[in-house]
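A.B. asks: sequence first, then the predicted structure:
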Amino acid sequence: MDTAADPVVLEPHAIYFFYSRVEMNKDPLLLERYWSVISGAEKAKCDRYVFEKDRLSCLVTRALVRFVLSVVTGLPPGHFQFTENAHGKPALEQGCVSMPIRFNLSHSRGLTACAVALDRAIGVDVEHHQENIDLSLAERYFTLREADYIRERPPEERAAAFFDLWTLKEAYIKARGMGLSIDLDQFGYEINPEIRVHMDSCLEDTPDRWRFFRFSPEADYHAAIAVQGYAEEVWRFHVYRCVPFVRIDRINRTLHC
C-alpha cells in the first residue's frame, strides 16, 4: 500500500489499531530511517535500554507512532512533538495538529501497537500469551470475582482468562492516564462473553462512560482497548498490520465487546 496515496481517514466513533512485529523491522536502512525521524529525547530513551532487543523494540515503537500519525494527518513524521502527564501517558503537544487525535501505545514480546481515536480518551494493552503465568497474581491484585472466574475455568483455559482480564484492566488504567495510582482491585470485569465492568466509587467514574474491546492481533497475543464511549454509540474497529514507512495492510480480526 502506498501510504502517501492512501491515507487512513479518521472518523468519529471509530478505533484504529496499528501494529508491527519487531522482527520485520531489522533492515539497516529501515532502522536508519527510523532513527532519523525520532527526536533527541526519544533517541535517549531508546539508548537507556541495556539489551539490544529492548532498544530495537523502543525504536520501532517510536517509529510506529510517528508513522501512524503521519498516515492519519498527512504531516511529515518528524513534525510531531509529544508531552507526558504526571503518570507518563503520552499525548501530542497542544497545537501540534489541528485534529483532536488521541492515541496510546503498548508492546509485548516482539509486537508493538498504537491505538488511535478522535477526541476520546483511549488506552490499549497487548500481552504475549504465556501458559506458565503465575496465576496467583490474580489472587493478589484482581477482584475476588475475577480471581474466582479464573479459578473456575478449566485448567487449559486459565492462562487465557488471566490475560483477557489483565489486558482489559491495563487498557482502562492507560485510558484514564493515571498509571498505578489506580489499584487493580478497584474495578473488575465480567466476561460472559460480553464485557461488563464494575467500579468502586473511589474511582469517581462510572461504567456507562466506557466501551471495552478485546481481540487477538496475532496468534499467542491478547489485546484490549478501552475508549470513552456510551452504550448507544455504534463503534467501528479497524486493524492495520504495518512495517513503518514500508507498508500498511488492513486486516480483519474477531472482536469481543
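C.D. replies: Cool, got the structure. Remember, predicted model here, so these are calculated numbers, not experimental data. Numbers count the residues shown, from 1 in each chain.

A.B. asks: for residue 205, helix, strand, or coil?
C.D. replies: coil (DSSP: H, G, I helix; E, B strand; the rest coil).

A.B. asks: that one: neighbour count?
C.D. replies: Using other C-beta atoms under 10 Å, residue 205 has 17 neighbouring residues. C-beta here means a position set from N, CA and C on the backbone, and glycine is covered the same way.

A.B. asks: next, count neighbours for the nearest residue to it once chain neighbours are set aside.
C.D. replies: Closest residue to residue 205 apart from its sequence neighbours, by C-beta to C-beta, 6 or more residues apart in numbering: residue 199 at 5.6 Å. A count of nearby residues for residue 199, using other C-beta under 10 Å, gives 16.

A.B. asks: quick one, what contacts residue 199?
C.D. replies: Listed by C-beta atoms under 8 Å, 6 or more residues apart in numbering, the contact set of residue 199 reads 186-187, 205-207.

A.B. asks: let's go with 10 Å and repeat that
C.D. replies: 172, 186-188, 205-207, 209-210 (C-beta atoms under 10 Å, 6 or more residues apart in numbering).

A.B. asks: from residue 8, how far out is it?
C.D. replies: As judged by C-beta to C-beta, to the nearest Å, residue 199 and residue 8 stand 33 Å apart.

A.B. asks: tell me the pLDDT at residue 214?
C.D. replies: Residue-level confidence at residue 214 comes out at 96, pLDDT.

A.B. asks: ok so it is a strand residue?
C.D. replies: Yes: looking at residue 214 with three-state DSSP, it is inside a strand.

A.B. asks: so what's it bridging to?
C.D. replies: Applying DSSP bridges to residue 214 yields these beta-bridge partners: residue 224, residue 256.

A.B. asks: now residue 23, what's its secondary structure?
C.D. replies: Taking three-state DSSP as the rule, one finds residue 23 in the helix state.

A.B. asks: surely it is in contact with residue 218?
C.D. replies: No: contact criterion C-beta atoms under 10 Å: residue 23 and residue 218 do not qualify, at 11.5 Å.

A.B. asks: and those two? which has more neighbours close in?
C.D. replies: A count of neighbours by other C-beta under 10 Å puts residue 218 above the other of residue 23 and residue 218, at 15 against 11.

A.B. asks: I'd guess the more buried one is in a helix, am I close?
C.D. replies: No: assigned with three-state DSSP, residue 218 falls outside any helix and is coil.

A.B. asks: once you drop chain neighbours, what's closest to residue 149?
C.D. replies: residue 161 (6.4 Å).

A.B. asks: where do the strands sit along the stretch 151-257 of the chain?
C.D. replies: Counting by DSSP state E, counting those that start in this stretch, the stretch 151-257 of the chain has these strands, from start to end: 187-191, 195-199, 210-215, 221-228, 236-243, 247-251.

A.B. asks: wait, which of those strands is closest to residue 42?
C.D. replies: With respect to residue 42, and counting by C-beta to C-beta, the nearest of these is strand 236-243 at 18.0 Å.

A.B. asks: now do the buried residues in that closest one.
C.D. replies: The neighbour-count check on strand 236-243 (16 or more other C-beta atoms under 10 Å) flags 237-243 as buried.

A.B. asks: that one pairs with which strands, parallel or anti?
C.D. replies: strand 14-21 (parallel), strand 247-251 (antiparallel).

A.B. asks: which of these is buried the deepest?
C.D. replies: Across the strands paired with strand 236-243, averaging neighbours per residue (mean count of other C-beta atoms under 10 Å) puts strand 14-21 on top, at a mean of 22.

A.B. asks: check which residues of stretch 130-137 are buried.
C.D. replies: Going by 16+ other C-beta under 10 Å, stretch 130-137 has these buried residues: residue 133.
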